[in-house]
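*Asks:* turn this into a model:
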Amino acid sequence: MSEKNILFVIAYRGFRDEEYKEPKIILENEGCKITTASLEIGTALGKLGMETQVDILYNKSDPSDYNAIVFIGGPGSPIYWNDPDAHNLLVDAAQQNKVVAGICSACVTLAKSGVLKGKNATVFPGDTKELQPLVGKYTAADCEVDGRFITANGPGAAQKFAKAILDALNN
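*Replies:* Numbering: from 1, shown residues only. Down below sits the predicted model:
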């Protein structure tokens, strides 16, 4: 596979460690380049204590530079739910036919941006009420793929999520 560039958008405080780490490792092992974006540049902190460097501000990123835009969940991810810059990033990516993905609570950001309208999607079970009215069908699956849109329900689905992103990038 030729190198694919993927933007991971995380909360600066409270991203879900496994949802970031496991897909990042799987995708990098397949030759993908991961750029990490957030609200601040510096060292982001995961819910379980993982630290990672933020490469770019999410609102300064251009979806045309990436093959996929991926929003990572965790207790900090609702910061993007009603964020117009996050929504614009997702809408622009979808209009450019990029892979657009979210895991756990981050799926609500995708839904609120409008990109999941009419699509099958899943989400962290505690956020079903937020997501359900904004998508075509809430499936409650571990990982749901609808065209170039991928959603997953939480840390237990992180590996399936990464493989679905990889499959979408290769098709």
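
*Asks:* quick one, what contacts residue 57?
*Replies:* 37, 38, 39, 40, 41 (C-beta atoms under 8 Å, 6 or more residues apart in numbering). Using the backbone N, CA and C atoms, a C-beta is placed for each residue, glycine as well.

*Asks:* need phi/psi at it.
*Replies:* phi -80, psi 130 (degrees, to the nearest 10).

*Asks:* how far away is it from residue 74?
*Replies:* Counting by C-beta to C-beta, to the nearest Å, the gap between residue 57 and residue 74 amounts to 19 Å.

*Asks:* is the most centrally placed residue in the chain bridged to anything, and to what?
*Replies:* With distances taken as C-alpha atoms, centre = their mean, residue 71 lies nearest the centre of the chain, 2.2 Å away. Beta-bridge partners for residue 71, by DSSP bridges, are residue 9, residue 102.

*Asks:* isn't residue 50 right up against residue 22?
*Replies:* No - if you go by C-beta atoms under 8 Å, residue 50 and residue 22 don't touch, sitting 11.2 Å apart.

*Asks:* so those two - more neighbours on which side?
*Replies:* Ranked by neighbour count (other C-beta atoms under 10 Å), residue 50 and residue 22 place residue 22 first, with 18 against 14.

*Asks:* next, the buried residues of stretch 93-102.
*Replies:* Buried positions in stretch 93-102, judged by neighbour count with 16 or more other C-beta atoms under 10 Å: 93, 94, 98, 99, 100, 101, 102.

*Asks:* so what's residue 14 scoring on pLDDT?
*Replies:* We have a pLDDT of 98 for residue 14.

*Asks:* what's the answer for the one 4 residues further on, then?
*Replies:* In the predicted model, residue 18 carries a pLDDT score of 98.

*Asks:* that one contacts residue 159, doesn't it?
*Replies:* No - in this structure, residue 18 is not within contact of residue 159 by C-beta under 8 Å, at 9.2 Å.

*Asks:* more neighbours: those two, which one.
*Replies:* For residue 18 versus residue 159, neighbours defined as other C-beta under 10 Å are more numerous around residue 18 (22 against 17).

*Asks:* nearest residue to that one in space, ignoring adjacent ones along the chain?
*Replies:* Leaving aside its chain neighbours, residue 18 sits nearest to residue 155 (4.2 Å; criterion: C-beta to C-beta, 6 or more residues apart in numbering).
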